[in-house]
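Visitor: Fold the following and give me the result.
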Amino acid sequence: MPRILIVDDDRETCRFMADLLDRPGREIESAYDPASALALVKAHPFDLVISDINLNAEQSGLDILRAFRASNPRGQVLLISGFGTLETAIDAVRAGAFDYISKPFDINEVKATVERALVQAGTPAGPRAASPRDIRPPALLGRTAPMLAVYKQIAHAADAAVPVLIVGESGTGKELVARAVHAHGRRAPRPFVPVNCGAIAESLLESELFGHVRGSFTGAVSDTKGIFEQANGGTVFLDEIGETSPALQVKLLRVLEEGEFRAVGAGRPTRVDVRVVAATNVDLEKEVAEQRFRQDLFYRLSVISIRVPPLRERRADIPLLVGQFLLNACTRAGRQVEFSPAALEALTAYAWPGNVRELENTVERLVLFSRGAVIDAGDLPPAFLGAPPDLGERLFSGLPTLDEIERRYLLHVLESVGGNRTKAAEIMGIDRRTLYRMAERFGLDLKEGEGQ
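Guide: Residues are numbered from 1 along each chain as shown. Below is the predicted model:
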C-alpha cells in the first residue's frame, strides 16, 4: 500500500492535496511543520513525501528531503514552491528530489508526477544496485560483422612492428582501437601516449612531440622531454594526423624512417624505439592528391590500415552499447533507470551522425534528466521520434531509377504523338533505329504497322 506524507504549514493546502491524491489502497498523512514531518518519516516508512520548500520555520523542505532520503533511499520527494527560482530548483535536484513544481501548479501535472514517483519508489529491486566498480572504462563493444572485422585487424596489427593508420568518422572510437592495438601487442607494458594533433597550436606541437632544450625559445626555462621520448619503448598515438603541417610531416617521416628526432633547440638527435599509431577522420588519399599531405608519409603510416565503421553501419550493436552506457550513467547518478522497448527502438533507428560518442552523451543526458524509472520514447528529444534510419534513405527512398525515368518518358512522348514513331524520335532528338532499340530494352512492342 503506497504511503504518502504531505507537508505544508497551510492546513487547507494539506487537505486539498490529500483529497486530490486520495485513491483506494493509498494511505495519506499530513504534517504542518518540519519537526512533525521529520518525526513521522523517522517512525513510519513512507514511499513519497510531498513538501513545500518554505515552511516558515527554521528547517525547510530541503531539510526534510535530505533527512528522508538518508533514511529511505528508495523513497521519493516532490518539492513545491510558491516562488520557484533556478537556484532552488538546482538545490532540489542536487539533494535528490524526484521533481520540483512551482505554485500555482497544474492539478493534472501533480497527479501525473505523483504516479511516476510512486512507480519509481515501488520499482522491484531486480538486479543488484550498481556500484562504482561497475563502471567500465571505455572499451570496444560490438558483435556485428563490421566490428568483428575490426577485431581481426587489431589482432593482426598488435604484434606487427609497423605503423598503423586508423580511419573513421569522428566519434567512432579510433583511440579505443589504437589502445587495443597497443594493449594486445608486445609493447603493452610500456607507455601509450596519445596526442591530438588538431587540438594543439602548430607553434607548440613540435615542442609537444619532440621536446625542447632550455633557452630554445621564450619560456623554455628547462629541458623538457616530448611525447616521443616519454613513450620510448611503447606507442605514440597521433590523433587527427591530417591536421599537421607539411614541415612537421617531414619531421614525423624522419622518426618513422630513422627512429630519431631532434628536440627544439637541440644540437644532436635523440634515438627512440617507438611504435606510431595514427588516426584521421579525413580522406588522406584525397589530401595527398591535393598536395596537403605528404605522399611518402601516408605510405609509411598506412602499412596497416584499420577502418572503424560508423554506428549507422552496425545498428545491431546499439542495444549492447546502450546497456553499458546506461550502467555507467546510472552508477554515476546513483539511480536505477532503464529504457522502454520503444525508446530503445527509436535509439536504434536514429542515424547517429556523432557516432558512439554521441550515443554515450545522449544516454548520460537522458539518465540525468529522467524523472522516472523508465525512459520512454516520449522522453527522447524530437529528433529521435520517427527518425528515418539515415539521411540517404530519407532523401532517396522511393525514387525511380534512371532506366525507369527513361521508360516513362518514352511512353509519355509516344502517347502525346498518338504512337507516331517518327514524331516521337524527332521530339526525343534520336533516330528511329535508336527509338526501336530503346523500346526493345524496355520491353515495349513498336510494331511497324502502327504509326509512321
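Visitor: Do you have the helices of the stretch 301-450 of the chain handy? List them.
Guide: In the stretch 301-450 of the chain, the helices defined using DSSP state H, counting those that start in this stretch lie at 318-333, 341-349, 355-369, 391-396, 402-416, 421-428, 432-441.
Visitor: for the longest one, packing partners?
Guide: Think helix 318-333. strand 338-339, helix 341-349, helix 355-369 (3 or more CB pairs under 8 Å, 6 or more residues apart in numbering; DSSP states H and E). The C-beta positions use only the backbone N, C-alpha and C, and glycine is treated the same way.
Visitor: N281: which of the helices of the stretch 301-450 of the chain is closest?
Guide: Smallest distance to N281 across these (CB to CB): 10.1 Å, for helix 355-369.
Visitor: circling back to that earlier point, rebuild the helices and strands packed on helix 318-333 as JSON lines, extending it with mean pLDDT, distance to L65 and mean neighbour count.
Guide: Below are the helices and strands packed on helix 318-333 laid out as JSON lines (pLDDT from 0 to 100; distance: least, CB to CB, whole Å; neighbours: other CB atoms under 10 Å):
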{"stretch": "strand 338-339", "mean pLDDT": "92", "distance to L65": "25", "mean neighbour count": "21"}
{"stretch": "helix 341-349", "mean pLDDT": "91", "distance to L65": "28", "mean neighbour count": "17"}
{"stretch": "helix 355-369", "mean pLDDT": "92", "distance to L65": "18", "mean neighbour count": "18"}
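Visitor: Any chance of JSON lines for the ones you listed, columns distance to Y151?
Guide: Shown next, in JSON lines, are the helices and strands packed on helix 318-333 (distance: least, CB to CB, whole Å):
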{"stretch": "strand 338-339", "distance to Y151": "27"}
{"stretch": "helix 341-349", "distance to Y151": "22"}
{"stretch": "helix 355-369", "distance to Y151": "15"}
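Visitor: mind checking which of those is nearest E206?
Guide: Nearest to E206 among these is helix 355-369; the distance by CB to CB comes to 28.5 Å.
Visitor: and R292, which of the helices and strands packed on helix 318-333 is closest to it?
Guide: helix 355-369 (24.5 Å).
Visitor: Buried residues, stretch 160-174. List them.
Guide: P163, V164, L165, I166, V167, G168, E169, G171, T172, G173, K174 (16 or more other CB atoms under 10 Å).
Visitor: typo on my end, stretch 222-234
Guide: Within stretch 222-234, the residues scored as buried using 16+ other CB under 10 Å are T224, G226, I227, F228, E229, A231, N232, G234.
Visitor: Check the spacing between the closest residue in space to K423 that isn't next to it in sequence and L444 real quick.
Guide: Spatial nearest neighbour of K423, excluding adjacent residues (CB to CB, 6 or more residues apart in numbering): V417 at 4.1 Å. Noted for V417: a distance of 14 Å to L444, by CB to CB, to the nearest Å.
Visitor: cool, and D8?
Guide: In terms of CB to CB, D8 sits 82 Å off from L444.
Visitor: Which residue ranges make up the domains of this protein?
Guide: Domains of the chain are assigned by automatic domain parsing as 3-121, 145-307, 314-395, 402-441.
Visitor: so which of those domains comes closest to A139?
Guide: Proximity to A139 (CB to CB) singles out domain 145-307 among the domains of the chain, at 6.7 Å.
Visitor: now that closest one: how far from the chain's centre is it?
Guide: Here domain 145-307 shows a centroid-to-chain-centroid distance of 26 Å under the convention CA atoms, centre = their mean, to the nearest Å.
Visitor: Over to stretch 331-347?
Guide: 14 Å.
Visitor: First-to-last residue distance for it?
Guide: 21 Å (CA to CA, to the nearest Å).
Visitor: And for stretch 264-273?
Guide: One end of stretch 264-273 sits 19 Å from the other (CA to CA).
Visitor: Could you give the backbone dihedrals for G234?
Guide: Backbone torsions of G234, given as degrees, to the nearest 10, read phi -120, psi -140.
Visitor: Verify the stated contact: it with V276.
Guide: No: under the criterion of CB atoms under 8 Å, G234 is not in contact with V276, lying 10.8 Å apart.
Visitor: From L411, how far out is the residue nearest to K423?
Guide: As for V417, its distance to L411 is 11 Å (criterion: CB to CB).
Visitor: Show the pLDDT at R186.
Guide: On the pLDDT scale, R186 is placed at 91.
Visitor: How many residues are close by the closest residue to it other than its chain neighbours?
Guide: Nearest non-adjacent residue to R186, counting by CB to CB, 6+ apart: D159, 6.3 Å away. By the measure other CB atoms under 10 Å, the count of residues near D159 is 11.
Visitor: gap between D159 and I241?
Guide: Distance of D159 to I241, given as CB to CB: 23 Å.
Visitor: By mean pLDDT, which helix or strand of the chain comes out lowest?
Guide: Within the chain, no helix or strand scores below helix 391-396, which has a mean of 45 by mean pLDDT, DSSP states H and E.
Visitor: So which of the helices and strands packed on helix 318-333 is nearest A183?
Guide: For A183, the closest of the helices and strands packed on helix 318-333 is helix 355-369, at 18.5 Å, according to CB to CB.
Visitor: So which residues lie in contact with that closest one, not counting its own?
Guide: With contact meaning CB atoms under 8 Å, 6 or more residues apart in numbering, helix 355-369 is reached by 169-173, 310-311, 318, 321-322, 325-326, 328-330, 332-333, 335, 337, 347, 352, 354, 375, 379-380.
Visitor: Give me the angle between that helix and helix 318-333.
Guide: Put simply, helix 355-369 runs at 40 degrees to helix 318-333, going by axes from the mean of the first three to the mean of the last three CA atoms, to 10 degrees.
Visitor: re the thing from before, got the domains of the chain as JSON lines, with distance to A139 columns?
Guide: Listed next are the domains of the chain as JSON lines, based on distance: least, CB to CB, whole Å:
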{"stretch": "domain 3-121", "distance to A139": "30"}
{"stretch": "domain 145-307", "distance to A139": "7"}
{"stretch": "domain 314-395", "distance to A139": "8"}
{"stretch": "domain 402-441", "distance to A139": "45"}
